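Visitor: next one to model:
(2 chains)
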There are 2 protein chains.
Amino acid sequence: MNTTLRYLHHPSSQPCRAGLQFMLENNIPFEEEIIDITSDINERPDFREKYNPTGQVPILVDGDFTIWESAAIAYYLSEKFNCPAHWWGRTTEERGHIQQFMNWYAYTLRFGGGVFHWTIFAPMIYGEDKDFSAEIKRGRFLLYEALDVLETYWFKGNNQFVCGDAISFADLAASQDLASHDAGRTIPDAVWAKHPKTHAWFKRVMARPHAKAVSGWIYENVAKVLDEGVRFEFKRKTAVLKGSEVKSGHNHGISYAGDDDSYLKQAES
Amino acid sequence: MNTTLRYLHHPSSQPCRAGLQFMLENNIPFEEEIIDITSDINERPDFREKYNPTGQVPILVDGDFTIWESAAIAYYLSEKFNCPAHWWGRTTEERGHIQQFMNWYAYTLRFGGGVFHWTIFAPMIYGEDKDFSAEIKRGRFLLYEALDVLETYWFKGNNQFVCGDAISFADLAASQDLASHDAGRTIPDAVWAKHPKTHAWFKRVMARPHAKAVSGWIYENVAKVLDEGVRFEFKRKTAVLKGSEVKSGHNHGISYAGDDDSYLKQAES
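Guide: Numbers count the residues shown, from 1 in each chain, chains lettered A, B, ... in the order given. Below is the predicted model:
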């Protein structure tokens, strides 16, 4: 007897959306639970103890088995539900290159997501008076470098998808990262114009019905922030992974530290 | 007819050592080519064009097929050489958790490697007069958080290896990262003492003959730096991935930027 899969996620999260899109594309049955990451729910010790010590979503609960990290969830589900091989590669070489992409993506494009986070959400989380220019600057380096490598390396062969002629999880991960930038208008037109293959691919993947379905929330809500001056109330005061934190740790429940060294002092005492 | 595998690497690199150990543990035949990353060889456009646009090692060349990213190389080789299943998981669940570990590791423990890089090598690369305290501080956050998650989550079940009762590539990746810290003495005794399961596991994995073989270089050469004041001459002036760069991009050929915004200005022009 199969248990019902529970998918814990939030539509503001790029990796959550990629995992969600994967399940929708493959007709995998699941129940979704929105984890309101504007609240402090995933800062709480009981949440971290039960699900994920980093407090991050997405999280998949399959009976007694819990797994987190968007890519790992999709990898697990792909095998469990015998999904079409193109999602993780049809040949040894393709499987290797998809792994290569996901490893490369994790420290480049994913961390460029900091430009979006520190521009759009961080002032509401940590205070409108704080200066996030160092974080944003770091994120721009990462983002622009990643776009250059996409354009000149991954799309060198004029392939339609990042790892070849078929869509894979790599496309979902990368396009959902860029969807946040698109919603937040954090990639200048001049930068897009220098990356025409990447831009065409992004539009191609985002035209898929499930891509639109999973990214509706972020486009709608970020437009409210940018065009109507709407502010969301964040009870949460810690960063979830956004990759370009300069003065604090990642995601282990440490508030944006500024010049606060107390975590380090305690760790070394 | 099989071609001879070429493995391009350098023993100062944690991921290079993990990939090398994987090949030795599995008796995979290969020819090694040391890429002297103290030189500017992997800054050169022809190297990046031919092998890897990020300039990073390791790189595996298998005839016409080239693959980089240490984890992807080991994944590819594991399938090609039909290596024992424990290296990437024996069950659907174990395979999922190893993918989870590798994704988690990529933005936590791997980036904590910045403590080592910015303490030991960076002054020789960028200048002894430069102040890397911000980079080192960021790295300490990442490193200590990662050690906490290893101790309380990955080793919660008193398992002998990070993903269960059998060694996997996750163990090689994580232990070789810690080997650099151990060689560089960048984890204080007080921090190790708070992570006894992690410390015991580290010593267990490093006791394997192939772990010792691949990490000999780093222990010997860092000891010369720390104990004899030896300085290596670095012609290279760009960072390879060290994860805690604060003021520049990662690895795309951009020199340590300090307050230099020229890359960003050019990208947005």
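
Visitor: and stretch A:65-79, does that touch chain B?
Guide: Yes. Counting by Cβ under 8 Å from any Cβ of the partner chain, chain B is contacted by stretch A:65-79 at A:65, A:67-73, A:75-76, A:79. The way it works is simple: take the backbone N, C-alpha and C, and place the C-beta from them, glycine included.

Visitor: oh, I was asking about stretch A:184-201
Guide: Yes. In terms of Cβ under 8 Å from any Cβ, part of stretch A:184-201 sits within range of chain B, namely A:188, A:190-191, A:194.

Visitor: which residue ranges of the stretch 1-150 of chain A form helices?
Guide: A:14-25, A:45-50, A:70-80, A:92-106, A:109-112, A:114-116, A:122-126, A:133-149 (DSSP state H, counting those that start in this stretch).

Visitor: now do the first one against helix A:70-80, angle only.
Guide: Just to be clear, that refers to helix A:14-25. 20 degrees (axes from the mean of the first three to the mean of the last three Cα atoms, to 10 degrees).

Visitor: so which elements touch helix A:14-25?
Guide: The contact analysis (3 or more Cβ pairs under 8 Å, 6 or more residues apart in numbering or on different chains; DSSP states H and E) places helix A:14-25 against strand A:6-9, helix A:70-80, helix A:169-184, helix A:209-228.

Visitor: tell me how many other residues surround residue A:208.
Guide: 17 (other Cβ atoms under 10 Å in any protein chain shown).

Visitor: pLDDT score for it?
Guide: Looking at residue A:208, its pLDDT is 98.

Visitor: thinking again about what came up before, buried ones among the residues of stretch A:65-79 next to chain B?
Guide: A:67-73, A:75-76, A:79 (16 or more other Cβ atoms under 10 Å in any protein chain shown).

Visitor: can you tell me which of the residues of stretch A:184-201 next to chain B is nearest residue A:156?
Guide: Using Cβ to Cβ, residue A:194 comes nearest to residue A:156 of the residues of stretch A:184-201 next to chain B, at 15.4 Å.

Visitor: related to what we said a few turns ago, nearest to residue B:147, of the helices and strands packed on helix A:14-25?
Guide: helix A:70-80 (21.0 Å).

Visitor: for that closest one, name the packing helices and strands.
Guide: Using 3+ Cβ pairs under 8 Å, 6+ apart, helix A:70-80 sits against helix A:14-25, strand A:59-62, helix A:169-184, helix B:92-106.

Visitor: dump those to TSV, plus mean neighbour count, distance to residue A:265 and mean pLDDT.
Guide: Converted to TSV, these look like this (neighbours: other Cβ atoms under 10 Å in any protein chain shown; distance: least, Cβ to Cβ, whole Å; pLDDT from 0 to 100):
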stretch	mean neighbour count	distance to residue A:265	mean pLDDT
helix A:14-25	25	32	98
strand A:59-62	23	32	98
helix A:169-184	25	35	98
helix B:92-106	23	25	97
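
Visitor: dump the ones you listed into a markdown table; add distance to residue B:34 as well.
Guide: Output for the helices and strands packed on helix A:70-80, formatted as a markdown table (distance: least, Cβ to Cβ, whole Å):
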| stretch | distance to residue B:34 |
| --- | --- |
| helix A:14-25 | 36 |
| strand A:59-62 | 42 |
| helix A:169-184 | 31 |
| helix B:92-106 | 25 |
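
Visitor: what's the most distant pair in the buried ones among the residues of stretch A:65-79 next to chain B?
Guide: A:68 and A:79 (16.6 Å).

Visitor: any idea of the mean pLDDT for whichever strand or helix holds residue A:263?
Guide: Using DSSP states H and E, residue A:263 sits within helix A:262-268. Mean per-residue pLDDT for helix A:262-268: 79.

Visitor: does that helix reach chain B?
Guide: Yes. Legend: contact between helix A:262-268 and chain B by Cβ under 8 Å from any Cβ is shown at A:263-264, A:267-268.

Visitor: who wins for proximity to residue B:172 among the helices of the stretch 1-150 of chain A?
Guide: helix A:92-106 (14.4 Å).

Visitor: just checking, what packs against that closest one?
Guide: Short answer (3+ Cβ pairs under 8 Å, 6+ apart): helix A:92-106 packs on helix A:169-184, strand B:65-68, helix B:70-80, helix B:92-106.

Visitor: show me what that helix is in contact with.
Guide: Residues from elsewhere that reach helix A:92-106, judged by Cβ atoms under 8 Å, 6 or more residues apart in numbering or on different chains: A:71, A:88-89, A:146, A:149, A:154, A:162-164, A:168-170, A:173-174, A:177, B:54, B:65, B:67-73, B:75-76, B:79-80, B:102-103, B:106-107.

Visitor: likewise for stretch A:68-79?
Guide: A:5, A:7, A:15-16, A:18-19, A:22-23, A:26, A:28, A:51-52, A:54, A:56-60, A:62, A:67, A:83, A:87-88, A:102, A:169, A:172-173, B:92-93, B:95-97, B:99-100, B:103-104.

Visitor: ok, the residue lying closest to residue A:180 once chain neighbours are set aside to chain B distance?
Guide: Once flanking residues are discounted, residue A:180 sits nearest to residue A:116: 4.6 Å by Cβ to Cβ, 6 or more residues apart in numbering or on different chains. Noted for residue A:116: a distance of 16 Å to chain B, by Cβ to the nearest Cβ, to the nearest Å.

Visitor: what do you get for residue A:165?
Guide: 17 Å.

Visitor: same check, this time on residue A:29
Guide: 17 Å.

Visitor: still on that earlier bit, for the helices of the stretch 1-150 of chain A, which one sits closest to residue B:204?
Guide: helix A:70-80 (24.6 Å).

Visitor: and the average pLDDT for the closest one is what?
Guide: 98.

Visitor: between that helix and helix A:92-106, how big is the angle?
Guide: 150 degrees.

Visitor: how far away from the center of its chain is helix A:70-80?
Guide: 16 Å (Cα atoms, centre = their mean, to the nearest Å).

Visitor: over to stretch A:98-106?
Guide: That offset, for stretch A:98-106, works out to 13 Å (Cα atoms, centre = their mean).

Visitor: got the CA positions of that stretch in CSV?
Guide: Only the C-alpha atoms of stretch A:98-106 are listed here, as CSV (Å, rounded to 0.1, in the frame of the first residue of the first chain):
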residue,chain,number,x,y,z
ILE,A,98,22.9,16.5,-15.9
GLN,A,99,24.8,15.8,-12.7
GLN,A,100,27.5,18.2,-13.9
PHE,A,101,24.9,20.8,-14.5
MET,A,102,23.2,20.4,-11.2
ASN,A,103,26.6,20.7,-9.4
TRP,A,104,27.6,23.7,-11.4
TYR,A,105,24.2,25.4,-10.9
ALA,A,106,24.3,24.9,-7.1
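
Visitor: re the thing from before, give the buried residues for the helix holding residue A:263.
Guide: A:263-264, A:267.

Visitor: turn those into a markdown table, including distance to residue A:234.
Guide: Shown next, in a markdown table, are the buried residues of helix A:262-268 (distance: Cβ to Cβ, whole Å):
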| residue | distance to residue A:234 |
| --- | --- |
| A:263 | 21 |
| A:264 | 25 |
| A:267 | 26 |
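
Visitor: looking at the residues you listed, which is nearest chain B?
Guide: Using Cβ to the nearest Cβ, residue A:267 comes nearest to chain B of the buried residues of helix A:262-268, at 4.3 Å.

Visitor: quick one, what contacts the closest one?
Guide: Here residue A:267 is in contact with B:140, B:144, B:191, B:194 (criterion: Cβ under 8 Å, 6+ apart).

Visitor: and the residues you listed as JSON lines, adding pLDDT and neighbour count?
Guide: Converted to JSON lines, the contacts of residue A:267 look like this (pLDDT from 0 to 100; neighbours: other Cβ atoms under 10 Å in any protein chain shown):
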{"residue": "B:140", "pLDDT": "88", "neighbour count": "24"}
{"residue": "B:144", "pLDDT": "90", "neighbour count": "25"}
{"residue": "B:191", "pLDDT": "96", "neighbour count": "20"}
{"residue": "B:194", "pLDDT": "96", "neighbour count": "18"}
